[in-house]
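[1] 3D model of this:
(chains A and B)
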Protein chains: 2
Amino acid sequence: MKVLITGGAGFLGQRLAKQLLSRGELNGPDGKPAPITELVLVDVVRGNDFADKRVTTLVGDIADAALLERAIDRDTAVVFHLAAIVSGQAEADFDLGMRINLDASRTLLEVCRARGHRPRVVFTSSVAVYGGTLPEVVRDDTALNPQSSYGTQKAIAELMLADYSRRGFVDGVVLRLPTISVRPGRPNAAASSFASGIIREPLNGEEAICPVPGDTRLWLLSPRRAIEALIAGSELPGERLGNRRIVNLPGVSVTVDEMIDALREVAGDEAANRIRREPDSRVQQIVGSWPGRWDTTRAEQLGLRGDASFVDVVRAYIEDELR
Amino acid sequence: MKVLITGGAGFLGQRLAKQLLSRGELNGPDGKPAPITELVLVDVVRGNDFADKRVTTLVGDIADAALLERAIDRDTAVVFHLAAIVSGQAEADFDLGMRINLDASRTLLEVCRARGHRPRVVFTSSVAVYGGTLPEVVRDDTALNPQSSYGTQKAIAELMLADYSRRGFVDGVVLRLPTISVRPGRPNAAASSFASGIIREPLNGEEAICPVPGDTRLWLLSPRRAIEALIAGSELPGERLGNRRIVNLPGVSVTVDEMIDALREVAGDEAANRIRREPDSRVQQIVGSWPGRWDTTRAEQLGLRGDASFVDVVRAYIEDELR
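    Residues are numbered from 1 along each chain as shown, chains lettered A, B, ... in the order given. Prediction:
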């Protein structure tokens, strides 16, 4: 089978690619494992192709239908649609967010529809689709009420994917990801960038800025578990999803102070003291509108799991990135 | 002030136009009444212009940006965006529904944004944004789960309007309308068309077909009250809406059997016996996914009201249409 990853040069895309290449196969719609014969990575920049002959890299604008038409054919059994403009950037540049988060998602669905073979499309959504006055634990039937353009665009793409699936144009599954922490590398334009930075920078001996109050509650997932969930999600049989194509993935619910305590527990005072508080109302407004916890019963029934604790998340980061 | 009605040749559009012309004024954003100096009606067909000099009629494709650019300028204080492809037709012709219900709505918002004066945009949405397993009474915070392309497209347009309002591009309000009954005229392609037909046709001495079981619960609003609500909604000060731009309008909750009983009460057995049961699974599937009742506390706090009973609705139809 052929597999496509949009945003294939991004952080999750590259990890997912590596994991898929090492696995070598995926369960198809019939529940039987099939070898991955080609892995297509689409992104605006060229990522690592892992010097693997199965990898095809396409560089271009994901909102360009011609690029997606090159990337998707009737052998494309699974599409991981990860390409997105992150929350902070979509808030700063409305048109760019609409073009990538909404228009490109629709174009991708349209190209799949035109091919006519009903591929599995795994779409990553976000905590940011929720907002406003929220119950302590967000449930599957809690109304979406995004308070950012990013959240709005993700919610719209979710609705499209559900309807395209209902109509049989694609076999879609939406995985709503908790905020990913700890991301390696440098800060990005996501409003949640600090949720990785306050752990990553101190472990690298650098100062980190925390722009939100210590009692801000976050809902987090490690990169390791996120990749596991993406792969497991891609193999979920359509009949187990029924007419509910959206799954809230499990995460850990922690306050920023608890995150710093976990860092202190794993790496000591010196690391924890490298965090400087510097309130940023723009970040607070976006991140503060997201739920700190959601009901994950359904995800667990479907066999998807998160991290056991944030201390484990910090340890996994050190293991995966610093050793 | 200048007022625009999209779908201005349609049933609600024409009634709204007539009412606005007779009223002659609307409260502006400052809460003070201002005379309506021009009323622009946009539609694919030419409607009645009421031989009134204030009326400008524009005929064309609502998804065409050039048409909307002619229709909207910086004097346009209020836009009633009623143009839509109805539920049955949007299910039968997916692309047409996407083009009118989604793309045209977005183009309209973009034209308003480009004008830069933040007009009030009143957008009519629908019971069809809800679906799946629903509580007996749908609340403001019940998740949207549309089970039709029409409902999906309306839900997407709602999300866009909320975000365009949050960003200050428009001053939007979404009024979710119950199913309108009794509509005059002929059946249309809406899955809910029978909800008017089973009253209207028997009162006109004709046979009507009822495609759903008698215990199907509907949430209804008379045309008279719908027009009142549209006008009241257009005058709601933005600060009373806050960051919740969507209002579920009050309706009456009745089963199809109760509707027929009301017809019998008002017009006798002869009328009620003109209804023939002829199940249609396509209609049942769409209409059966809609809520039969929703919580209207917020609408009532905002001063919006529905009908007192379905018997009143039948009487109002006879009064407005048959006398």
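
[2] enumerate the residues of the stretch 1-150 of chain A near chain B.
    Within the stretch 1-150 of chain A, the positions adjacent to chain B are A:94, A:132-133, A:140-147, A:149 by C-beta under 8 Å from any C-beta of the partner chain. Quick note: C-beta positions are derived from backbone N, CA and C, even for glycine.

[3] and if we set it to 10 Å?
    Proximity of the stretch 1-150 of chain A to chain B (C-beta under 10 Å from any C-beta of the partner chain) is limited to residues A:91, A:94-95, A:97-98, A:102-103, A:106, A:110, A:113, A:129, A:131-135, A:138-150.

[4] just the buried members of those?
    Among the residues of the stretch 1-150 of chain A next to chain B, those classed as buried by 16 or more other C-beta atoms under 10 Å in any protein chain shown are A:91, A:94, A:97-98, A:102-103, A:106, A:110, A:113, A:129, A:131, A:134, A:138, A:140-150.

[5] next step: the residues of the stretch 1-150 of chain A next to chain B restricted to helices.
    Those of the residues of the stretch 1-150 of chain A next to chain B mapping onto helices are A:91, A:94-95, A:97, A:106, A:110, A:113, A:149-150, per DSSP state H.

[6] which residues in the stretch 201-323 of chain A form helices?
    A:223-234, A:238-241, A:256-272, A:281-288, A:297-301, A:310-317 (DSSP state H, counting those that start in this stretch).

[7] in the third one, what counts as buried?
    Going by neighbour count (16+ other C-beta under 10 Å), the buried part of helix A:256-272 is A:256, A:258-264, A:266-267, A:271-272.

[8] could those residues go into JSON lines alongside distance to chain B?
    Formatted as JSON lines, the buried residues of helix A:256-272 follow (distance: C-beta to the nearest C-beta, whole Å):
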{"residue": "A:256", "distance to chain B": "24"}
{"residue": "A:258", "distance to chain B": "28"}
{"residue": "A:259", "distance to chain B": "28"}
{"residue": "A:260", "distance to chain B": "31"}
{"residue": "A:261", "distance to chain B": "33"}
{"residue": "A:262", "distance to chain B": "32"}
{"residue": "A:263", "distance to chain B": "34"}
{"residue": "A:264", "distance to chain B": "37"}
{"residue": "A:266", "distance to chain B": "38"}
{"residue": "A:267", "distance to chain B": "40"}
{"residue": "A:271", "distance to chain B": "38"}
{"residue": "A:272", "distance to chain B": "36"}
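
[9] dump those to TSV, plus distance to residue A:53 and pLDDT.
    Formatted as TSV, the buried residues of helix A:256-272 follow (distance: C-beta to C-beta, whole Å; pLDDT from 0 to 100):
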residue	distance to residue A:53	pLDDT
A:256	45	97
A:258	46	97
A:259	42	97
A:260	45	97
A:261	47	97
A:262	42	97
A:263	41	97
A:264	46	97
A:266	40	97
A:267	41	96
A:271	42	96
A:272	46	96
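
[10] check contacts around the nearest residue to residue A:220 once chain neighbours are set aside.
    The shortest distance from residue A:220 to any non-neighbouring residue, by C-beta to C-beta, 6 or more residues apart in numbering or on different chains, is to residue A:181 (4.6 Å). Counting by C-beta atoms under 10 Å, 6 or more residues apart in numbering or on different chains, residue A:181 touches A:192-200, A:218-223, A:226, A:251-252, A:254, A:259, A:307, A:310, A:313-314, A:317.

[11] residue contacts, the closest residue in space to residue A:55 that isn't next to it in sequence?
    Sequence neighbours aside, residue A:49 is the residue nearest to residue A:55 in space, at 4.3 Å (criterion: C-beta to C-beta, 6+ apart). For residue A:49, the contact set (C-beta under 10 Å, 6+ apart) comprises A:8-9, A:17, A:21, A:39, A:41, A:55-57.

[12] residue A:49 and residue A:64, how far apart?
    For residue A:49, the distance to residue A:64 equals 21 Å [C-beta to C-beta, to the nearest Å].

[13] now, which of the ones in helices among the residues of the stretch 1-150 of chain A next to chain B sits nearest residue A:175?
    residue A:150 (16.4 Å; C-beta to C-beta).

[14] I figured that closest one hits residue A:287, correct?
    No: in this structure residue A:150 lies outside contact range of residue A:287 using C-beta atoms under 10 Å: 11.5 Å.

[15] quick check: neighbours shared by those two?
    Taking C-beta under 10 Å, 6+ apart as the contact rule, residue A:150 and residue A:287 both touch A:87-88, A:128, A:190-191.

[16] how about the strands of chain A, start to end?
    Here chain A has its strands, by DSSP state E, at A:2-6, A:25-27, A:33-35, A:38-43, A:55-59, A:76-81, A:120-126, A:171-177, A:179-180, A:208-210, A:217-221, A:246-248, A:252-255, A:275-277.

[17] for these, which one sits closest to residue B:31?
    strand A:120-126 (38.3 Å).

[18] so what does that closest one touch, helix or strand wise?
    Taking 3 or more C-beta pairs under 10 Å, 6 or more residues apart in numbering or on different chains; DSSP states H and E as contact, the helices and strands that strand A:120-126 lies on are strand A:2-6, strand A:76-81, helix A:105-115, helix A:149-166, strand A:171-177, strand A:179-180, helix A:223-234, strand A:246-248.

[19] just to revisit the earlier point, farthest pair within the ones in helices among the residues of the stretch 1-150 of chain A next to chain B?
    Largest pairwise distance in those, by C-beta to C-beta, is 30.4 Å, between A:91 and A:113.

[20] which parts of the stretch 201-323 of chain A sit against chain B?
    A:242-244, A:246, A:289.

[21] for the stretch 201-323 of chain A, which residue gets nearest to chain B?
    residue A:243 (6.6 Å; C-beta to the nearest C-beta).

[22] so that residue makes contact with residue B:148?
    No: judged on C-beta under 10 Å, residue A:243 makes no contact with residue B:148 at a distance of 11.6 Å.

[23] between these two, what contacts are shared?
    By the contact definition C-beta under 10 Å, 6+ apart, residue A:243 and residue B:148 are jointly contacted by A:166, B:131, B:289.

[24] pLDDT at residue A:142, what is it?
    pLDDT for residue A:142: 89.

[25] can you pull the contacts of it?
    A:130, A:134-135, A:248, A:291, A:294-295, B:141-143.

[26] apply 6 Å and report the result again.
    residue B:143 (C-beta atoms under 6 Å, 6 or more residues apart in numbering or on different chains).

[27] next: residue A:109.
    With contacts defined as C-beta under 6 Å, 6+ apart, residue A:109 is in contact with residue A:164.

[28] same deal with residue A:227?
    A:15-16, A:19.

[29] what does residue A:98 give?
    Applying C-beta under 6 Å, 6+ apart, no residues contact residue A:98.

[30] what's the answer for residue A:193, then?
    Counting by C-beta under 6 Å, 6+ apart, residue A:193 makes contact with residue A:187.

[31] could you report the pLDDT at it?
    95.

[32] ok, the one 3 residues further on next?
    pLDDT recorded at residue A:196 is 97.

[33] can you check residue A:136 too?
    So residue A:136 comes in at 86 (pLDDT).

[34] tally of neighbours for it?
    9 (other C-beta atoms under 10 Å in any protein chain shown).

[35] please report how far it lies from residue A:305.
    For residue A:136, the distance to residue A:305 (C-beta to C-beta) stands at 22 Å.

[36] could you do residue A:152 as well?
    As for residue A:152, its distance to residue A:305 is 29 Å (criterion: C-beta to C-beta).

[37] for the shared contacts of residue A:150 and residue A:287, name the two members farthest from one another.
    Maximum distance among the shared contacts of residue A:150 and residue A:287 (C-beta to C-beta): 10.9 Å, for A:88 and A:128.

[38] okay, these two: which has more neighbours?
    Per other C-beta under 10 Å, whichever of residue A:88 and residue A:128 has more neighbours is residue A:128, with 30 against 20.
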